[in-house]
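**Q** Predicted model and sequence follow; I will ask about them next.
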Amino acid sequence: TALSQDKDKPKSTSMLQTVVGAVQSWFDSSSSSNSPPPSSASSSNDSDQPISKKPRKIRRLRRKLETAKMLAENTAQQIQDIQKEQDYLKPLLSEQEHQDADRVIQSVLRLVCPELAKHILRRNHHTIEQYQTLDAKTDLTKPHEWYPHARLDRRKIIFHGGPTNSGKTYQALQRLKEAKNGLYLGPLRLLAAEVYETLTTSGVYTNLFTGQEHREIPFATHSAATVEMAPLNQDFDVVVIDEIQMITDRFRGFAWTRALMGLRCKEIHVCGGLEARPLIEKIAQACGDEFELFPYKRFSQLKIAKESLATDPHALGSYANVQPGDCVVAFSRQDIFAIKREIESKTDYKCCVIYGSLPPETRTEQARRFNNPDSEYEILVASDAIGMGLNLNIRRVIFNSMFKSDGENIILLGHSNVKQIGGRAGRRNSPYPHGEVTCRDPRDMKHLRQCLSHDIAPIQKAGLLPTSAHIQAFSQALQTHQLSDDYENLGMILNQFSDMATLQGDFF
């Protein structure tokens, strides 16, 4: 009845209020009609009976009604808020009006924007010219054009790709020996010194150039050097660039990019993991060079140990379980010598040590002692330098930790580093042809298994560093346009160059 009486009201809130009011009136009338009369006879007759439950039921229903009334009021308020929001969001213009306004705006823009651009150009001509000049000086989008002499001939880039202990570097060095003149570039001076000795032993007159050592041999036709020492002003028949996957290294990757693009030679043999192949092929295409791939497979299987060296990560004396041919890998010189002392104090074995800053003569003697089966030095404690291609007769690689410092932070070893280092276990034509890898800490075994059981993701970008000519031209432009008060502050110039530098594609 209440609904029929209020059916002409358009609002939902009025309907809810009407329903609530009707139900409230019905309960009020029911309560008054069902209340018991104050009769003594009735009281005496019902004295032994329980009090009627009907008034209680009405009170419960009344409470439920009050709750429903509150909910109805809240709902009504929400409906009003929604209706207000709908009115607010209602478009001011119809679709046709909007289209007409858009056509007018577009026509105005076509007339105004060109004139506005001309006005800005006239008012700020000098500033725009300065910006364009500096932008041209910091354009790093075409690094292959930085080396015009290397672009005079179409070079042949041969990629020797594969895992560790697969013979890829050996094959590249064989071609280097056959060349009339050649160059080897490696990531470590230890590795450059090893190749220098290999070539010299084979009767090839070879120079050695590293950041700490220069050996110029009379009548030398070949050179072995660290990659940062690559001479871009000389001509070679054959060049070997080792560990090419380091082209993506945050701090040193630029050196591989510079050598790959700028060396003047007929053949460049690059050696490294297959994850670098797509990027190297792109660089070869950008330089207009020929690209050829030689894939390799590992000579022997690399096995992951079932258990770590220590059963408890906090247990002491875990290195008492080392065996002949083991190589313990640590990432600081302090840890290397601490592990050496522990092994020699708890076992009868003697240890050799190898790390990056070790003098070449000492490093060579330590490697010779460890590789000699008749020597009493049967354990090697080394840094990650062994992962860069040093030839050592290792039976088992033991990671002291899966964490190392990158110069700024403590980081977890990546897949590439774990595979490079762990892959040094097991060497063809050695007493240990089959290698094994494990960790000291049992908590590191999960990460070790993940790294060795998955392929490394392809490298996406190569490091890039502007040449000295870039910095000089930028500095002169700053001075010409009087944009700096300190033209001799190299740090300030480099910071400004970095802020304005433009990079594209496969470089960082």
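**A** Yes, it's here.
**Q** since we're on L232, how many residues are nearby?
**A** Neighbours of L232 under the rule other C-beta atoms under 10 Å: 15. Where you see a C-beta, it was placed from the backbone N, CA and C, and this is true even at glycine.
**Q** That one is in contact with W146, isn't it?
**A** No - under the criterion of C-beta atoms under 8 Å, L232 makes no contact with W146, lying 9.9 Å away.
**Q** which residues do those two both contact?
**A** Where contact means C-beta atoms under 8 Å, 6 or more residues apart in numbering, the residues bridging L232 and W146 through contact with each are G262.
**Q** Quick check: Q212 touching R189?
**A** Yes - contact status for Q212 versus R189: in contact at 6.5 Å, counting by C-beta under 8 Å.
**Q** ok so S308 is a helix residue?
**A** No - membership of S308 in a helix is not supported by DSSP: H, G, I helix; E, B strand; the rest coil, which gives coil.
**Q** tell me the mean pLDDT over stretch 187-196?
**A** Averaging the model's pLDDT scores along stretch 187-196 yields 90.
**Q** Can you show me the strands along the stretch 301-450 of the chain?
**A** According to DSSP state E, counting those that start in this stretch, the stretch 301-450 of the chain carries its strands in the segments 302-304, 326-329, 350-354, 377-382, 396-399, 403-405, 410-412, 435-439.
**Q** Give me the packing partners of the fifth one, helices and strands only.
**A** Packed against strand 396-399, as judged by 3 or more C-beta pairs under 8 Å, 6 or more residues apart in numbering; DSSP states H and E, are the following elements: strand 326-329, helix 415-422, strand 435-439.
**Q** go with 6 Å
**A** Here strand 396-399 touches strand 326-329, strand 435-439, going by 3 or more C-beta pairs under 6 Å, 6 or more residues apart in numbering; DSSP states H and E.
**Q** and K350, what does it touch?
**A** Neighbouring residues of K350 by C-beta atoms under 6 Å, 6 or more residues apart in numbering: E376, Y377.
**Q** and it, bridged to which residues?
**A** Y377 (DSSP bridges).
**Q** from what I can see R428 touches F299, true?
**A** Yes - R428 sits in contact with F299 when judged by C-beta atoms under 6 Å, with a separation of 4.3 Å.
**Q** sorry, back to before: between Q212 and R189, which one's more packed in?
**A** R189 (26 against 9).
**Q** now that one: how far from E228?
**A** When C-beta to C-beta, to the nearest Å is applied, the distance between R189 and E228 equals 10 Å.
**Q** which of the residues in the top helix by length along the chain are buried?
**A** Of all the segments of type helix in the chain, defined by DSSP state H, the longest one is helix 54-89. Neighbour-count burial for helix 54-89, counted by 16 or more other C-beta atoms under 10 Å, picks out I58, K69, A72, A76.
**Q** could you redo those as a markdown table and give each row pLDDT and distance to L316?
**A** Formatted as a markdown table, these follow (pLDDT from 0 to 100; distance: C-beta to C-beta, whole Å):
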| residue | pLDDT | distance to L316 |
| --- | --- | --- |
| I58 | 82 | 81 |
| K69 | 84 | 75 |
| A72 | 85 | 74 |
| A76 | 86 | 75 |
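**Q** Can you classify the closest residue in space to P163 that isn't next to it in sequence by secondary structure?
**A** In this structure, P163 finds its nearest non-sequential neighbour in R298, 4.7 Å apart by C-beta to C-beta, 6 or more residues apart in numbering. Look at R298: counting by three-state DSSP, its state is coil.
**Q** hmm, back to that, mean pLDDT and distance to A220 added to the strands of the stretch 301-450 of the chain, as a markdown table?
**A** Converted to a markdown table, the strands of the stretch 301-450 of the chain look like this (pLDDT from 0 to 100; distance: least, C-beta to C-beta, whole Å):
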| stretch | mean pLDDT | distance to A220 |
| --- | --- | --- |
| strand 302-304 | 92 | 38 |
| strand 326-329 | 96 | 34 |
| strand 350-354 | 95 | 27 |
| strand 377-382 | 95 | 30 |
| strand 396-399 | 96 | 36 |
| strand 403-405 | 90 | 37 |
| strand 410-412 | 91 | 40 |
| strand 435-439 | 95 | 36 |
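**Q** could those be laid out in CSV, adding distance to P163?
**A** What follows is the strands of the stretch 301-450 of the chain, written out as CSV (distance: least, C-beta to C-beta, whole Å):
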stretch, distance to P163
strand 302-304, 8
strand 326-329, 18
strand 350-354, 21
strand 377-382, 20
strand 396-399, 14
strand 403-405, 21
strand 410-412, 21
strand 435-439, 11
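**Q** With T206 as the reference, name the closest of the ones you listed.
**A** Taking C-beta to C-beta as the measure, the strands of the stretch 301-450 of the chain were each checked against T206, and strand 350-354 came out nearest at 22.0 Å.
**Q** So for the closest one, what gets flagged as buried?
**A** Residues of strand 350-354 classed as buried: C351, C352, V353, I354 (neighbour count, 16+ other C-beta under 10 Å).
**Q** what's the answer for stretch 476-484, then?
**A** Buried-residue list, stretch 476-484, by 16+ other C-beta under 10 Å: A477, L478.
**Q** That stretch - what's its average pLDDT?
**A** Averaging the model's pLDDT scores along stretch 476-484 yields 77.
**Q** which outside residues touch the biggest strand by length in the chain?
**A** Using DSSP state E, we find that the single longest strand of the chain is strand 264-272. Here strand 264-272 makes contact (C-beta under 6 Å, 6+ apart) with 149-150, 156-160, 168-169, 172, 235-245.
**Q** CA atoms only for stretch 151-162 - export them in PDB, please.
**A** The C-alpha atoms that make up stretch 151-162 are tabulated as PDB, following Å, rounded to 0.1, in the frame of the first residue of the first chain:
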ATOM      1  CA  ARG A 151      86.600   1.300 -41.700                       C
ATOM      2  CA  LEU A 152      88.900   1.600 -44.800                       C
ATOM      3  CA  ASP A 153      89.000  -2.200 -45.100                       C
ATOM      4  CA  ARG A 154      86.300  -4.800 -44.600                       C
ATOM      5  CA  ARG A 155      87.500  -6.900 -41.800                       C
ATOM      6  CA  LYS A 156      86.600 -10.500 -40.900                       C
ATOM      7  CA  ILE A 157      85.300 -11.100 -37.400                       C
ATOM      8  CA  ILE A 158      85.500 -14.800 -36.400                       C
ATOM      9  CA  PHE A 159      83.600 -15.600 -33.200                       C
ATOM     10  CA  HIS A 160      84.900 -18.600 -31.300                       C
ATOM     11  CA  GLY A 161      82.000 -19.300 -28.900                       C
ATOM     12  CA  GLY A 162      81.500 -21.900 -26.300                       C
END
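**Q** Just the buried positions in it, please.
**A** Of the residues in stretch 151-162, R151, R155, K156, I157, I158, F159, H160, G161, G162 count as buried by neighbour count, 16+ other C-beta under 10 Å.
**Q** try stretch 266-286
**A** Using 16+ other C-beta under 10 Å as the burial criterion, the residues of stretch 266-286 that qualify are 267-277, 279-281, 283-284.
**Q** Show me what E292 bridges to in the sheet.
**A** On the basis of DSSP bridges, E292 is bridged to I158.
**Q** Test my guess that it contacts I157.
**A** No - the criterion here is C-beta under 6 Å, and E292 misses it with I157 at 7.2 Å.
**Q** rewinding a little: residues contacting the residue nearest to P163?
**A** P163, N165, S166.
**Q** ok, so of those, who is nearest C327?
**A** Comparing every one of the contacts of R298 with C327 (C-beta to C-beta), the shortest separation belongs to N165, at 13.6 Å.
**Q** Just confirm the closest one is within a helix.
**A** No - looking at N165 with three-state DSSP, it is coil, so not inside a helix.
**Q** can you tell me how far it sits from K306?
**A** The span separating N165 from K306 equals 22 Å under the rule C-beta to C-beta.
**Q** Neighbour count: those two, which is higher?
**A** More neighbours surround N165 than the other of N165 and K306, with 24 against 8 (other C-beta under 10 Å).
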